[in-house]
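**Q** below is the sequence, then the predicted model.
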Amino acid sequence: MRLSHFAAKDTAYLRPEPRLAVAYRLGDALALKASYAHMNQYVHLLSNTGIGLPTDLWVPATREVAPQQSRQVAAGVAKDFSERGLALTLEGYYKKMDNIIGYREGASFLLLEDGPESAGKVNWEDNVTAGQGWSYGAELLLQKKAGRFSGWVGYTLSWTQLQFDELNFGKKYYARYDRRHDLSLVGIYEISPRITLSGTWVYGTGNALTMPLSQYQATQHQAGPQGRFYYGSTVNDYGEKNSFRMAAYHRMDLGIQFHKKMKRHERTWEFSLYNAYSRQNPFFYYIDSEYNSTTNESKAILKQISLFPIIPSFSYNFKF
Amino acid sequence: MKRFFFSLLPLAAAVLLGACEKEATGIKLPESNSKLVVTGFISPQDTAVNVEVIRSTPAFGSRSAAPPFVSDALVTLSDGDRTVTLPPRSEAGGWYFVDTQAMPVVAGRTYTLRVSVPGGELLEASCTVPEAPAPPAIAIDSLSSPDNNAQRFSLRMSWTDPAGQENYYRQAAEVRTVLTENVDRPPPIPLTWPVHWQADELTDDKAADGGMLYSPRGTSWFGGLSQYNPKQYLYAQLLHVDRHYYLYHRSFRNAGRSQDNPFAEPVLVYSNVTGGLGVFAAYNLTIVETRLE
């Protein structure tokens, strides 16, 4: 049992956090385990859902914005294959989250049209709304700890959905960081006691975003004693919230380490390549327009901005 | 040589670390088909049912400058007992209408709108006309007399909400008078002043089901200029709107503020149209007239 306390301006939260973890061994090489955890989080992650520059903000719990709560159950099995130096873990989990927050539709903390001085007028609590979430999935981890070749394979299959009464017309939608597949491969090979090779490859499903599908002139009814009057404004059709997926993220990192034991210390020279095949993972997207004066047509295209192509690095470490 | 090497470092860093911009790849872009957009609001107080049919422009791919009006749609309206076809209005592209003598709009009745086009698209939407709201009470407070003896005033409407059901409302008001002297045109000339509401014109009854509901405060003025007819009236409307009307118009509440701001959250526009976009919604209203003195 854990007791957590958080004091914000004009309010304080005192929340018990019961947790239970049990394990049952079936012989030397097999174990079953299960856990339950009730947790509170006093800072909220606030993520935008548009295609523009990602702006993740961490905001505290306040009197108006209650702490985030979650209840998680997990169950798994662990097995050792000692003759091969392998260890396998398989685990499933289900997590229910309450009092999570999201931006209201149309909200922004950057009011460009009013200038920087308007920032002081923005009350972030007015720009957010509270809802609930569900996250569930399975994780697999296969580790090799012994021998000249070591490393692990980790794979997670997961779903994360959110529901806010005031967003997406109350319907569930996938969170920005809903990641269906997450894979990491890590290998370390000891060529000799003085030289080690290492490699990592990571893969993750792209983030879920809200992308415009089309534009139209939305006609609205104008109430008034003068009678019926219609007016229109140009709006985007986005379909469902967060129904667009960014391109998958993947990257390979390679490294070679040269170790040498000196008289009083051990030094390591390392040469590594971050993003070895220079994958252009999108950081954010924007819509650009190209006009063809011959056909009198404009063409909208989606462009991506990527950061960090291949980056070589050298490092020197010593232990004493 | 060493100096040359160090002078190249910023250039190398810029090349290696600089952001890369290119056309997006490795993703499934939304289909570039445009969608039909159907919009119609029906009310027992209207003399005609008007429906607009247009096409949306795909967000990606080529965009032509052709107008988005759809003039070859087959638009029908049904109340369960009878079905009428709405012919296109010749003077306005994309609009279809039928007189309410051919299809009366009655409170409590459900109407279904169907729209089809030669390409094969079929859209459908239904709405039920709400009952007329109870006449609202209007409280008027005098605020100030800025000039020429004109009076600024504020008003608030209140009404009783029927219990046990979801209700949605919208209010509107204006000041009416008659100009009795004018140099350009012969009098009398009717004039109106709008009422500006300090908050959203749309209200629901979630906080006070079955109780008293209040509009936000509205402000306007009525003038003491000599050429105005001394009889000035406040015409106020209370609209009992259906859920589709409420959700559709609420979509636009924040749209104006977020327009052209790339950091703003996308605003999703509500639709109850199966197979397309837009809305088919209903309202019923009560008018209250008060003399301003």
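**A** Structure received.

**Q** helix, strand or coil for the spatially most central residue of chain B?
**A** Central residue of chain B (Cα atoms, centre = their mean): B:His249, 4.7 Å from the mean position. What DSSP: H, G, I helix; E, B strand; the rest coil gives for B:His249 is helix.

**Q** my guess is it meets B:Arg170, correct?
**A** Yes - here B:His249 reaches B:Arg170: they are 7.4 Å apart, a contact under Cβ atoms under 8 Å. For the C-beta atoms, the positions are set from N, CA and C on the backbone; glycine is no exception.

**Q** need the residues touching each of the two.
**A** Common contacts of B:His249 and B:Arg170 (Cβ atoms under 8 Å, 6 or more residues apart in numbering or on different chains): B:Leu202, B:Val241.

**Q** what is the neighbour count of residue 137?
**A** No chain in the question, so chain A it is. 17 (other Cβ atoms under 10 Å in any protein chain shown).

**Q** chain B, not that one
**A** 13.

**Q** repeat for B:Tyr246
**A** 22.

**Q** measure the closest residue to chain B within the stretch 51-200 of chain A to B:Glu265 for me?
**A** Closest contact between the stretch 51-200 of chain A and chain B, by Cβ to the nearest Cβ, is at A:Gly106 (2.5 Å). Applying Cβ to Cβ, to the nearest Å, the value for A:Gly106 to B:Glu265 is 6 Å.

**Q** give me the phi and psi for B:Tyr245.
**A** phi -60, psi -50 (degrees, to the nearest 10).

**Q** need the pLDDT of the nearest residue to it once chain neighbours are set aside.
**A** Ranked by Cβ to Cβ, 6 or more residues apart in numbering or on different chains and with sequence neighbours excluded, the top spatial neighbour of B:Tyr245 is B:Ala281, at 3.6 Å. Listed pLDDT for B:Ala281 reads 97.

**Q** run through the residues that contact B:Ala281.
**A** Neighbour list for B:Ala281: A:His221, B:Gly40, B:Phe41, B:Ile42, B:Cys127, B:Val241, B:Asp242, B:His244, B:Tyr245, B:Tyr248, B:Asn272 [criterion: Cβ under 8 Å, 6+ apart].

**Q** and the first one, what are its bridge partners?
**A** By that I understand A:His221. Residues in a beta bridge with A:His221, per DSSP bridges, are A:Tyr230.

**Q** what about the nearest residue to A:Gly151 once chain neighbours are set aside, distance to A:Gly255?
**A** For A:Gly151, ignoring the flanking residues on the chain, the nearest one in space by Cβ to Cβ, 6+ apart is A:Gly187 at 4.0 Å. For A:Gly187, the distance to A:Gly255 (Cβ to Cβ) stands at 11 Å.

**Q** B:Thr25 now?
**A** Look at B:Thr25 and A:Gly255: by Cβ to Cβ, they are 28 Å apart.

**Q** higher neighbour count, the two?
**A** A:Gly255 (18 against 10).

**Q** pull the helix or strand hosting the more buried one out as PDB, backbone CA atoms only.
**A** Here A:Gly255 sits within strand A:249-261, counting by DSSP states H and E. Only the C-alpha atoms of strand A:249-261 are listed here, as PDB (Å, rounded to 0.1, in the frame of the first residue of the first chain):
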ATOM      1  CA  TYR A 249       9.400   5.100 -37.200                       C
ATOM      2  CA  HIS A 250      12.400   2.900 -37.600                       C
ATOM      3  CA  ARG A 251      16.100   3.300 -37.200                       C
ATOM      4  CA  MET A 252      19.300   1.300 -36.900                       C
ATOM      5  CA  ASP A 253      22.200   2.300 -34.700                       C
ATOM      6  CA  LEU A 254      25.600   0.600 -35.000                       C
ATOM      7  CA  GLY A 255      28.700   0.800 -32.900                       C
ATOM      8  CA  ILE A 256      32.100  -0.700 -32.400                       C
ATOM      9  CA  GLN A 257      34.000  -0.400 -29.100                       C
ATOM     10  CA  PHE A 258      37.700  -0.800 -28.500                       C
ATOM     11  CA  HIS A 259      38.500  -1.700 -24.900                       C
ATOM     12  CA  LYS A 260      41.900  -1.600 -23.300                       C
ATOM     13  CA  LYS A 261      43.000  -2.200 -19.700                       C
END
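
**Q** for it, what is the average pLDDT?
**A** On average, strand A:249-261 scores 95.

**Q** tell me the buried residues in it?
**A** Using 16 or more other Cβ atoms under 10 Å in any protein chain shown as the test for burial, strand A:249-261 gives A:Tyr249, A:Arg251, A:Met252, A:Asp253, A:Leu254, A:Gly255, A:Gln257, A:His259.

**Q** mind putting those residues into TSV with distance to B:Lys35?
**A** TSV is the format used below for those (distance: Cβ to Cβ, whole Å):
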residue	distance to B:Lys35
A:Tyr249	31
A:Arg251	38
A:Met252	41
A:Asp253	44
A:Leu254	48
A:Gly255	51
A:Gln257	57
A:His259	63
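
**Q** do I have it right that B:His84 meets B:Tyr96?
**A** In this structure residue B:84 is Val, not His. No - using Cβ under 8 Å, B:Val84 makes no contact with B:Tyr96, being 10.8 Å away.

**Q** compare the two (neighbour count), which wins?
**A** Just comparing B:Val84 and B:Tyr96: by other Cβ under 10 Å the higher neighbour count belongs to B:Tyr96, 26 against 15.

**Q** pLDDT at that one, what is it?
**A** Note on B:Tyr96: pLDDT of 95.

**Q** show me the contacts for the nearest residue to A:Leu273 once chain neighbours are set aside.
**A** Take A:Leu273 and drop its neighbours on the chain: the residue closest to it by Cβ to Cβ, 6+ apart is A:Leu254, 4.8 Å away. By Cβ under 8 Å, 6+ apart, the contact set of A:Leu254 is A:Leu197, A:Ser198, A:Gly199, A:Ser272, A:Leu273, A:Ala276.

**Q** kindly recompute the last result at 10 Å.
**A** Going by Cβ atoms under 10 Å, 6 or more residues apart in numbering or on different chains, A:Leu254 touches A:197-201, A:271-277, A:312.

**Q** return the subset of those residues lying in strands.
**A** A:Leu197, A:Ser198, A:Gly199, A:Thr200, A:Trp201, A:Phe271, A:Ser272, A:Leu273, A:Tyr274, A:Pro312 (DSSP state E).

**Q** how deep is the closest residue to A:Thr62 other than its chain neighbours tucked in, by neighbour count?
**A** Nearest residue to A:Thr62 in three dimensions, chain neighbours excluded: A:Ala8, at 5.0 Å (Cβ to Cβ, 6+ apart). Using other Cβ under 10 Å, A:Ala8 is surrounded by 15 other residues.
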